[in-house]
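**Q** have a look at this fold, sequence not included:
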């Protein structure tokens, strides 16, 4: 297997000048001169001058040596040998004085740019901030245990049971209808939440008939119209007084209509 020194030596046997040897190395790698310019960040016109052995168009011998070494690295040749042989060529025929303005050989980038680093830091900060807000606040979560009602709309008149509606004597479907925005929680005898939300005006909720002693927690009972199979029943409690643990099964509500003292919760 041919190593770098063997490849360089073979190129040296078939090409005499440094420019010819570098061109041969590039062609051996199947690269275009534009590829070398992209790898080394050396202007294309300087690479062409090197391949043509036209060092008088380069800024100075020092930079000619630097360009040639970078070129050699890009094509896998021995940069030390290339620099040594080029120095001998320059000592024999290079007469151009060095310019007064310094010219540095650009090095290919070795790490992420400043923009990538800044973006990474910004993303990390946003992730940490999101974690802090998630675990440190309740902004994105609902604890499911709050008993205090949220802000509600202005109170509306308490609905009056329709005198023409007859309340069934046993069982039936209990329906809660919001007449304004009101926070409601329905739960069973095991304190399992069946429904908890802020109901909007006109929104209804059917209390499950198979629930185990369903009860209600509401901040403003006057915002709820209660019916059993479409027949209105008495309000759950005073319009502006929060109630809790008030049964809302059909039989319990029917019993409340015959016990006015229990309406306060």
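**A** Looks like it arrived, so ask away. This is a predicted model, so every value here is computed, not measured.

**Q** centre of the chain to stretch 220-240, how far?
**A** 46 Å (Cα atoms, centre = their mean, to the nearest Å).

**Q** ditto for stretch 72-79
**A** The answer for stretch 72-79 is 44 Å, by Cα atoms, centre = their mean.

**Q** and what of stretch 42-52?
**A** 46 Å.

**Q** show residues contacting that stretch.
**A** 18-20, 22-23, 33-34, 36-37, 40, 55, 57-58, 64, 67-68, 70-71, 105-106 (Cβ atoms under 8 Å, 6 or more residues apart in numbering). Any C-beta I mention is one placed from the backbone N, CA and C, and that applies to glycine too.

**Q** any stretches of the protein with poor pLDDT?
**A** For the chain, applying pLDDT under 70 flags the ranges 1-15, 92-113, 138-169, 257-265.

**Q** domain ranges for it?
**A** As assigned by automatic domain parsing, the chain contains the domains 4-93, 174-264.

**Q** in CSV: these, plus distance to residue 133.
**A** Shown next, in CSV, are those (distance: least, Cβ to Cβ, whole Å):
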stretch, distance to residue 133
domain 4-93, 44
domain 174-264, 22
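
**Q** any chance of those domains in CSV, plus distance to residue 130 and mean neighbour count?
**A** Below are those laid out as CSV (distance: least, Cβ to Cβ, whole Å; neighbours: other Cβ atoms under 10 Å):
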stretch, distance to residue 130, mean neighbour count
domain 4-93, 40, 18
domain 174-264, 26, 17
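
**Q** ok, residue 215 touching residue 187?
**A** Yes. If you go by Cβ atoms under 8 Å, residue 215 and residue 187 touch, sitting 5.9 Å apart.

**Q** what touches both of the two?
**A** With Cβ under 8 Å, 6+ apart, residue 215 and residue 187 have no common neighbours.

**Q** am I right that residue 209 is in a helix?
**A** No. Read with DSSP: H, G, I helix; E, B strand; the rest coil, residue 209 is coil and lies in no helix.

**Q** hmm, back to that, now, which of the contacts of stretch 42-52 lie within helices?
**A** Counting by DSSP state H, the contacts of stretch 42-52 place 18-20, 22-23, 33-34, 36-37, 40, 64, 67-68, 70-71 in helices.

**Q** show me the strands in the stretch 101-250 of the chain, by range?
**A** Assigned by DSSP state E, counting those that start in this stretch, the strands in the stretch 101-250 of the chain fall at 174-178, 182-187, 193-199, 204-206, 215-218, 224-228, 231-232, 243-247.

**Q** just checking: what are the partner strands of the second one?
**A** I take that to be strand 182-187. Strand pairing for strand 182-187, determined by DSSP bridges: strand 193-199 (antiparallel), strand 215-218 (antiparallel).

**Q** need those in TSV with distance to residue 172, can you?
**A** As requested, these are arranged in TSV below (distance: least, Cβ to Cβ, whole Å):
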stretch	distance to residue 172
strand 193-199	17
strand 215-218	17
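
**Q** so which of the ones you listed is nearest residue 132?
**A** Residue 132 lies closest to strand 193-199 among those, at 26.8 Å (Cβ to Cβ).

**Q** so the closest one versus strand 224-228, what angle?
**A** 130 degrees (axes from the mean of the first three to the mean of the last three Cα atoms, to 10 degrees).

**Q** and strand 193-199, how far from the chain's centre?
**A** 31 Å.

**Q** which non-adjacent residue is nearest residue 190?
**A** Nearest residue to residue 190, sequence neighbours excluded (Cβ to Cβ, 6 or more residues apart in numbering): residue 212, at 6.8 Å.

**Q** from residue 129, how far off is the one you found?
**A** Using Cβ to Cβ, to the nearest Å, residue 212 is found at 44 Å from residue 129.

**Q** likewise residue 76?
**A** Residue 76 sits 48 Å away from residue 129, going by Cβ to Cβ.

**Q** how about residue 178?
**A** For residue 178, the distance to residue 129 (Cβ to Cβ) stands at 37 Å.

**Q** which non-adjacent residue is nearest residue 69?
**A** residue 79 (4.2 Å).
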